[in-house]
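Peer 1: Quick one: sequence and predicted model below, then my questions.
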Amino acid sequence: MTTRNPKTLVIHIGDHKTGTTTIQNALAADCVRIEGAKLLYPAKLNHNYLMGHITADDRGESAPKVKPGQLGLAALSDHIRNSTADYVVLSGEVFENVPAPRFKEIVERYFSSSVDRIRIVAYVRPHAQRILSSYAEQVKIGWFRGSMQDFFQHNWESRRFHFSSRFEKWRECFGEDFILRPMIREELKSGSVLADFAHVAFDGFPCELDDFPSENQSLGLRELALLHFLQGQYQDKPKWLRHTLGWEIARRIGAMAQPEGGKPLKLAMSRDLADRIALSYEEDAKKVDAEFFDGRPLMRRALIDMQDRAVAAPQSLNASDYFDEEHLRNLTVVAALVHDMLNVKHPWPAYFHRHRIQDVRRFKLRKASSMGSAAALVHVEKGPLYTGALGD
C-alpha cells in the first residue's frame, strides 16, 4: 500500500535581498524537480501581487482585478485544493511587510482547508549586509537619493532592520512551522540559496536543480553611479515606473559581457558607518542568534566581517566621478529622450516587467528544445494559463 505524502503549502516570505529572485525564477522556469513528490508553483514569476489583495481585504474593499496568470486569494485556494501536488509553493518577498498575526489570519481563512500542513520559510541577511544591498537596490530603482549614511539613519528610525522582534512574532504565530534561515553563503546547503530552500521546504527530499541565469546581481560602483544619474532624470515619474525601469536597465547591463581588465569595483561601506551599524545592531544580532541559530554568533560575526571589509571613506555615486563631460552630455540627451517617450500613456511598468516573464519562457523553450520534447514545457501540475500580456 502506497502512503500519500501530506499536501504541504510552503509560503516563502522573503526577506528582500536574500536570493528571492533566484528562487522564484527557478520555480517559475521548472528548474526544481522533487524526487518522489509532485511540485506546483502557480505563478509566472512570484506572488508579490497578492499584497494588493491582502491590502484590499484589510480595508474591506473589493479585490484588485487579476491580471493574466494571476489568481486571487479565493481562486488560488481552490486551485491548490484541487491540485494533486505534494508540495505547493507561494513566494513573495513583500510578505515581510505584513504583520505576522495578520498573515496568519489570511492563511487560516484561505489556505488551511486546502492542504494538510503549512510551512513558512524566511531568510535573513545580516544587518550591515542588508543595509548595503538594500541601499544599492533603492538607488537602482530610484526610490532613495541620499547617502548610505542617510539610508541607515532613515531605517534605524523606522526599525525596518530590527529583525528579532519581527521574526519572534512569526514564530509565535506559526510555531515550529516557521523556519528562519541565515542568508550567509557558508551556512547555505551547497553554498546555494536555491539548494538550501529546496532542502528546507521539501523535507530533505532529493531534488534535481537546473541552473537559471542569475538575475538581480549587484552592480559595479560605476554602473550604480550611472543608474543614480539616470534615475535622477525620472524623479517626476511614478514610483513603480522607476522601479521597473531601473530593473530593466540593470538587467541589460548584467547581460552584457564585462570589459577586460578585472572585476569592477563594488559598492562598499565606509568604516565609520560599519562601526556605527555594529554598535547600533549588536543587541538585535545577539537576540536573533540566540532565538533562531542556537546561540551561534552568525549575525554578530557578520557585523564584524563588514567592519573588516569596510573602506576608509564613503564612496561617491556622483556620475561626474566616473564619466567625462562628453559622456554625461550624451547620457543626458538619451535620458531626456526616454523621459519624453515615457510621457506617452502606456502601462510602462507592465511593459518592462514583461521582459522578465519572457526570459523565463525563453529559458523553458530552450530547455524543451535541448531535451527534444515539448513535454518539458508542461509542469508536473500546470498552473493557470499564462498569456504574457501587458498586464503582467
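Peer 2: Ah, there it is. The shown structure was predicted, so the numbers you read here are calculated from the model rather than taken from an experiment.

Peer 1: Output the contacting helices and strands for the longest helix seen in the chain.
Peer 2: For the chain, the helix reaching the highest residue count under DSSP state H is reported as helix 348-371. When contacts are defined as 3 or more CB pairs under 8 Å, 6 or more residues apart in numbering; DSSP states H and E, helix 348-371 sits against helix 239-255. Using the backbone N, CA and C atoms, a C-beta is placed for each residue, glycine as well.

Peer 1: Can you check what angle separates the helix it packs on from helix 348-371?
Peer 2: 40 degrees (axes from the mean of the first three to the mean of the last three CA atoms, to 10 degrees).

Peer 1: helices or strands up against helix 239-255?
Peer 2: By 3+ CB pairs under 8 Å, 6+ apart, helix 239-255 packs against helix 127-140, helix 221-232, helix 348-371.

Peer 1: how far away is the nearest residue to H16 once chain neighbours are set aside from H228?
Peer 2: Among residues not flanking H16 along the chain, E93 sits closest, at 4.8 Å (CB to CB, 6 or more residues apart in numbering). E93 sits 23 Å away from H228, going by CB to CB, to the nearest Å.

Peer 1: So between the two, which is more surrounded?
Peer 2: E93 (24 against 20; other CB atoms under 10 Å).

Peer 1: pLDDT of the longest helix of the chain, averaged?
Peer 2: For helix 348-371, mean pLDDT rounds to 81.

Peer 1: about what we covered before: residue contacts, the residue nearest to H16?
Peer 2: Taking CB atoms under 8 Å, 6 or more residues apart in numbering, we find E93 in contact with 13-16, 18, 20, 46, 48.

Peer 1: Which positions in the lengthiest strand in the chain come out as buried?
Peer 2: For the chain, the longest strand by residue count, based on DSSP state E, is strand 117-124. Across strand 117-124, burial judged by 16 or more other CB atoms under 10 Å covers 118-124.

Peer 1: can you count the residues close to S192?
Peer 2: Using other CB under 10 Å, S192 has 16 neighbouring residues.

Peer 1: got a list of what it touches?
Peer 2: Counting by CB under 8 Å, 6+ apart, S192 touches L209.

Peer 1: I'd like the distance between it and A201.
Peer 2: Taken as CB to CB, the span from S192 to A201 is 14 Å.

Peer 1: Spell out the residue ranges of the strands in the protein.
Peer 2: 8-12, 32-34, 39-40, 87-91, 117-124, 178-182, 207-209.

Peer 1: Any regions of the stretch 151-300 of the chain where pLDDT drops low?
Peer 2: Residue ranges of the stretch 151-300 of the chain with pLDDT under 70: 215-216, 257, 259-262.

Peer 1: Helices of this structure, start to end?
Peer 2: Secondary structure of the chain (DSSP H): helices at 20-28, 50-59, 73-82, 100-110, 127-140, 148-158, 163-174, 193-201, 221-232, 239-255, 271-292, 298-309, 325-341, 348-371.

Peer 1: can you tell me which of the ones you listed comes nearest to I34?
Peer 2: Between I34 and the helices of the chain, the tightest spacing by CB to CB is seen for helix 193-201, at 7.7 Å.

Peer 1: Hmm, I141 is touching P238, no?
Peer 2: No - assessed by CB atoms under 8 Å, I141 is found out of contact with P238, at 11.9 Å.

Peer 1: related to what we said a few turns ago, determine which stretch of the helices and strands packed on helix 239-255 is the most buried.
Peer 2: Neighbour counts (mean count of other CB atoms under 10 Å) averaged over each of these peak at helix 127-140, with a mean of 23.

Peer 1: Return it as CSV; C-alpha atoms alone will do.
Peer 2: The C-alpha trace of helix 127-140 is given here as CSV (Å, rounded to 0.1, in the frame of the first residue of the first chain):
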residue,chain,number,x,y,z
HIS,A,127,22.2,43.8,9.4
ALA,A,128,25.1,45.6,7.7
GLN,A,129,25.0,43.4,4.6
ARG,A,130,21.2,44.0,4.3
ILE,A,131,21.7,47.8,4.6
LEU,A,132,24.4,47.7,2.0
SER,A,133,22.5,45.6,-0.5
SER,A,134,19.2,47.4,0.1
TYR,A,135,20.8,50.8,-0.3
ALA,A,136,22.2,49.7,-3.7
GLU,A,137,18.7,48.4,-4.7
GLN,A,138,17.0,51.6,-3.7
VAL,A,139,19.4,53.6,-5.7
LYS,A,140,18.9,51.3,-8.7
